[in-house]
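Trainee: Attaching a predicted model along with its sequence, questions to come.
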Amino acid sequence: MPDIETGRLIYLIVLMAMVAGWFFMQSRQGWNKTLQQVAVWAMIFTGVAAGYGLWEDINRQGDIPRQAYEASTGSVTLPRARDGHYYLTATINGTPLRFVVDTGATDMVLTRADAEAAGLSPDSLNYLGRASTANGEVRTAYVRLDEVELGGVRDTDVPAVVNEGEMRQSLLGMGYLQRWGRIEITNGELILTR
């Protein structure tokens, strides 16, 4: 038995001994009252144990679903997240970055932080472009990415823009998505195929 399992077992035994000792000390009040308290504590203990046992399943459901690459078909499958969006991780200039797929966006749009992680210098870019967003107009800088890899597919010299304003997530827009031969949404999955 691993050390962590042994530690948990010892903790549970000590906890149960303390609860049992408390019940015996309280038995002076009468057995009827003691049995009621035993029942209440048994329900609390069962609820805590069930919650502990199910915690990984509950926590796993909150995660963003994982993408899958199928080499034989050249397709990337993205399960829809709980918020209704499709998220993917693409490697930009050797750095994995998280994107939200946005078919309403014209270009691949990087946040300043993601641009810097990909080896660009956001402070030295020329923000000459303008883009209309849900939050109003923002300035953008046109860049070319040396390499973009998604699944087993690698593209070079990929155009993108860096958003000068605040953005929570980089966007994967139609400028990159149209490089894929087929874009399909079915059964809660977005499938990109080359």
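Mentor: That came in fine, so what should we check first?
Trainee: low-confidence ranges in the chain?
Mentor: 1-4, 23-31, 34, 50, 53-65 (pLDDT under 70).
Trainee: Show me how far the longest strand along it is from its chain's centre.
Mentor: Longest strand of the chain, by residue count under DSSP state E: strand 136-150. Centre-to-centre, strand 136-150 and its host chain are 23 Å apart (Cα atoms, centre = their mean, to the nearest Å).
Trainee: From the recorded domain assignment, give the ranges for the protein.
Mentor: Here the domain parsing of the chain from automatic domain parsing is 3-61, 68-193.
Trainee: Show me what the helix or strand hosting residue 6 packs onto, helices and strands only.
Mentor: Here residue 6 sits within helix 3-26, counting by DSSP states H and E. For helix 3-26, the packing partners by 3 or more Cβ pairs under 8 Å, 6 or more residues apart in numbering; DSSP states H and E come out as helix 31-61. Quick note: C-beta positions are derived from backbone N, CA and C, even for glycine.
Trainee: next SSE after the helix it packs on?
Mentor: Assigned by DSSP H and E, the successor of helix 31-61 is strand 68-70.
Trainee: Helix, strand, or coil at residue 167?
Mentor: coil (DSSP: H, G, I helix; E, B strand; the rest coil).
Trainee: swap in residue 115?
Mentor: helix.
Trainee: Tell me who's in contact with the residue nearest to residue 188 when sequence neighbours are not counted.
Mentor: In space, and not counting its chain neighbours, residue 188 is closest to residue 80: 4.5 Å by Cβ to Cβ, 6 or more residues apart in numbering. Residue 80 makes contacts with 65, 86, 188, 189, 190, as judged by Cβ atoms under 8 Å, 6 or more residues apart in numbering.
Trainee: now residue 184
Mentor: Counted by Cβ under 8 Å, 6+ apart, residue 184 has contacts 190, 191, 193.
Trainee: among these, who's most crowded?
Mentor: residue 190 (21 neighbours; other Cβ atoms under 10 Å).
Trainee: Report the beta-bridge partners for that residue.
Mentor: Beta-bridge partners for residue 190, by DSSP bridges, are residue 78, residue 185.
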